[in-house]
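> Compute the structure for the input listed below.
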Amino acid sequence: MTPERKARIEQVAAVRQRDLTVFLERVHKAHNVAAILRTCDAVGMMEAHAVPPTGGIPKLNHTAQGAQRWVKLHRHHDAVEGLRSLRQKGFSLYAAHFSEQAVDFRQPDYTHPTAIVLGTEKFGVSDEAVAECDGEIVIPMAGMSQSLNVSVATALILYEAQRQRLAAGMYEPQSLAEEPWKSLSEQWIERETVRRSKGRGIRSPTTKSGDEDCST
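This next block holds a predicted model:
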């Protein structure tokens, strides 16, 4: 690994947001999951969460551009259980869900620990998941269409969250001597070293199965 590549990895790891995440409830189209993870990486998120659709999370396509290597994806068996686990960790939960109670997506304060909950392409967030959320948000629509593609909606919401956090100084680099940024940068550097060793036909004794899969 070149010094420049190592420095880039450390630079990205140091600004990862540990308390901003998304929770996908049975989003089943590969290109949507891939695009969402790519946006998560772009705004500097550390982790994402998902309840897999029937048949499991689809194999990600080129749309992800390798983002799955940089954003850890946690799988949950049940939306209610998964959302409650996030609330126990101090997250506020906002469902992207059209209703009379929904507010403009720019109104919530995303500088607090926040999880954005998004549902299936056709039916949206389930009633059970909405009931677990602290609020509902909506993207104003001025056209004939009443909704956006789930990956586009996710991008708009997350970039609003990033805007607020940048203004609050929350993207100042963290010390790589502190957790979880220390472990994150070390894991990334080790994994990239292994990948490059494999590419040169060198077998590393530290290679573990699943190095390319950054999900749990």
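
> C-alpha only now, for contacts and for neighbours.
OK.

> So what's the residue count around residue 77?
Neighbourhood size, residue 77 [other CA atoms under 10 Å]: 11.

> Which secondary structure state is assigned to it?
Here residue 77 is recorded as coil under DSSP: H, G, I helix; E, B strand; the rest coil.

> same thing with the one 10 residues further on?
Residue 87 carries the three-state label helix when classified by three-state DSSP.

> wait, doesn't it sit right on residue 94?
No. Between residue 87 and residue 94 there is no contact under CA atoms under 8 Å: 11.1 Å.

> For the two, indicate the residue with more neighbours.
Neighbour count, other CA under 10 Å: between residue 87 and residue 94, residue 94 has more, with 25 against 17.

> Tell me the secondary structure at the residue positioned nearest the centre of the chain.
Centroid-nearest residue in the chain: residue 48, 3.4 Å away (criterion: CA atoms, centre = their mean). Following three-state DSSP, we place residue 48 in the strand state.

> Pull the number of nearby residues for the closest residue to it other than its chain neighbours.
Spatial nearest neighbour of residue 48, chain neighbours left out: residue 73 (4.8 Å); criterion: CA to CA, 6 or more residues apart in numbering. The number of residues packed near residue 73 is 20, by other CA under 10 Å.

> Do you know the pLDDT at residue 73?
Note for residue 73: predicted pLDDT of 92.

> Report the buried residues of the strand or helix carrying residue 151.
Per DSSP states H and E: residue 151 is located in helix 150-167. Across helix 150-167, burial judged by 16 or more other CA atoms under 10 Å covers 150, 151, 153, 154, 155, 157, 158, 160, 161, 162, 164, 165.

> wait, doesn't the residue nearest to residue 48 sit right on residue 46?
No. Between residue 73 and residue 46 there is no contact under CA under 8 Å: 9.2 Å.

> list the contacts for the residue lying closest to residue 19 once chain neighbours are set aside?
Nearest non-adjacent residue to residue 19, counting by CA to CA, 6+ apart: residue 113, 4.6 Å away. By CA atoms under 8 Å, 6 or more residues apart in numbering, the contact list for residue 113 reads 19, 20, 90, 91, 92.

> least trustworthy helix or strand in the chain by mean pLDDT?
Across the helices and strands of the chain, mean pLDDT, DSSP states H and E gives its lowest value to helix 181-199, namely a mean of 90.

> Return the list of helices and strands in contact with that one.
Other elements packing on helix 181-199 under the criterion 3 or more CA pairs under 8 Å, 6 or more residues apart in numbering; DSSP states H and E are helix 3-14.

> So in that sheet, which strands flank the very next helix or strand once past the helix it packs on, and in what orientation?
Scanning forward in sequence from helix 3-14 by DSSP H and E, the next helix or strand is strand 20-25. Strand pairing for strand 20-25, determined by DSSP bridges: strand 47-51 (parallel), strand 114-118 (parallel).

> For the last one, the averaged confidence score.
Think strand 114-118. Mean per-residue pLDDT for strand 114-118: 98.

> residues in contact with stretch 89-109?
Residues outside stretch 89-109 that contact it (CA under 8 Å, 6+ apart): 19, 83, 87, 112-119, 124-125, 130, 132-140, 157, 160-161, 164.

> Repeat that for stretch 144-160.
Counting by CA under 8 Å, 6+ apart, 32-33, 35-36, 39-40, 43, 105-106, 118-119, 121, 139, 141 sit against stretch 144-160.
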